[in-house]
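Novice: Quick one: sequence and predicted model below, then my questions.
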Amino acid sequence: MPSFWGLGPGAWCLGRWGGALRSPGPSGPGAIAPPFRVREAPWGRVLECIPLAEVAAHAFTTRDVDFKPGGHENLQAWRGLAQHLGARPDRVSWPRQVHGASVAAFRRDDGPGGGDGRPEADIVISDDPGRVIAVQIADCVAMLLADRRTGAVGAAHAGWRGSAQGVARVAVAAMRAHFGTDPHDVVVAMGPSIGACCYEVGEEVRRAFEQADGHGTAVASWFSGSDAGRARLDLWRANRDQLVSVGVPPAQIHVAALCTSTRRELFFSYRAEGARAGRMAAAIRAGTVRWGQGRSR
């Protein structure tokens, strides 16, 4: 189990893929474990994965800024995020998420105006270093992927429906098809999302995983019982196992293990807050390690 440092007591969140995982205590970013760290953006705190930062500029935002759709402030948030990651404020693309496994690709040869718009997808991939790509989350898993050899990147949104449909596997396959990515060159960061400690689901969710193609016998290890007799779903383990199954080395998959429902002072959680919950963004830019105006914290 990794070491932790922090400013207060933490809450324990059980992630079955790696034993007991400690969520940070209530006093700011303390107890966030390596290889993740908190940095300061102009609007507030962002989470960053150090091994992924060696390949591509990226950020997992916190509740310090709200990316919930609608309004002028939302547009300003996206522009600020693009600038923080070193792109022009109008060069940021995020899809209309539909809880599936569709892919939207943005290529560098699309040109400055090419590939604009908001396609319906839950996976976005790009080899364009001038464009930031992103997904929105408020409990679902956000995965950021980068190819150490080509510089191509991906951002994927995986709730239970997307995870059942194999979003992690589809994202890697799409990067291979579009950009020639070898899975052994992929580095992945999995950001804050709801943990198995807090994610109770119905029997229909288990059935959806069991009936989906490609999971095999691994499904049983993604579910555990709860005190209420319902199942708890471990999305961190489900998506990590899917990445490993398509050839991503386990040592290159980094899971923040931060539960959004437990850490509501730092993250938005739809399960805990309902319709009033805001949205966070997970964003990445191809082929660069420039950090904009951020500074280590």
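Specialist: In hand now; what should we look at?
Novice: Please make it C-alpha for all contacts and neighbour counts, starting now.
Specialist: OK.
Novice: mind showing which ranges of this protein have poor pLDDT?
Specialist: By pLDDT under 70, the weakly predicted segments of the chain are 1-31, 71-72, 111-116, 226-229, 288-297.
Novice: ok, what's across the strand from the residue nearest the centre of it?
Specialist: In the chain, the centroid-proximal residue (Cα atoms, centre = their mean) is A142; its distance is 1.8 Å. Per DSSP bridges, the residues bridged to A142 are H157.
Novice: Correct me if wrong: Y270 contacts C140.
Specialist: No - judged on Cα atoms under 8 Å, Y270 makes no contact with C140 at a distance of 9.1 Å.
Novice: circling back to that earlier point, who are the contact partners of the residue nearest to the centre of the chain?
Specialist: For A142, the contact set (Cα atoms under 8 Å, 6 or more residues apart in numbering) comprises 135-136, 155-158, 190-193, 282.
Novice: Which ones among those lie within strands?
Specialist: 135-136, 155-158, 190, 282 (DSSP state E).
Novice: want to throw those into CSV with distance to C197 and neighbour count?
Specialist: As requested, the ones in strands among the contacts of A142 are exported to CSV (distance: Cα to Cα, whole Å; neighbours: other Cα atoms under 10 Å):
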residue, distance to C197, neighbour count
V135, 24, 30
Q136, 22, 27
A155, 25, 29
A156, 22, 30
H157, 20, 29
A158, 18, 29
M190, 17, 23
A282, 22, 29
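Novice: what about G278, neighbour count?
Specialist: G278: 21 surrounding residues under other Cα atoms under 10 Å.
Novice: which ones are touching it?
Specialist: So G278 contacts 63, 66-68, 138, 268-270 (Cα under 8 Å, 6+ apart).
Novice: same thing with A101?
Specialist: A101 neighbours (Cα under 8 Å, 6+ apart): 121-123, 162, 165-167, 170.
Novice: if we can go back for a sec, state the pair within the ones in strands among the contacts of A142 that is farthest apart.
Specialist: Largest separation among the ones in strands among the contacts of A142 by Cα to Cα: Q136 and M190, giving 13.2 Å.
Novice: Next, find the distance separating K68 from C198.
Specialist: To C198, K68 is 23 Å away according to Cα to Cα, to the nearest Å.
Novice: ok, and for stretch 60-77, which residues are buried?
Specialist: 60-63, 65-68, 75, 77 (16 or more other Cα atoms under 10 Å).
Novice: for it, how far is the first residue from the last?
Specialist: 13 Å.
Novice: from the chain's centre, how far out does that stretch sit?
Specialist: Remark: stretch 60-77 is offset 16 Å from the chain centroid, using Cα atoms, centre = their mean, to the nearest Å.
Novice: Need the contact partners of it.
Specialist: So stretch 60-77 is contacted by 43-48, 78, 136, 191-192, 265-268, 278-283 (Cα under 8 Å, 6+ apart).
Novice: is it true that L235 touches W222?
Specialist: Yes - the criterion here is Cα under 8 Å, and L235 meets it with W222 at 7.3 Å.
Novice: higher neighbour count, these two?
Specialist: Counted by other Cα under 10 Å, L235 and W222 do not tie: L235 has more neighbours, with 26 against 22.
Novice: quick one, what contacts that one?
Specialist: L235 is in contact with 141, 159-160, 163, 194-196, 222, counting by Cα under 8 Å, 6+ apart.
Novice: likewise F267?
Specialist: Counting by Cα under 8 Å, 6+ apart, F267 has contacts 62-63, 138, 192, 260-261, 280.
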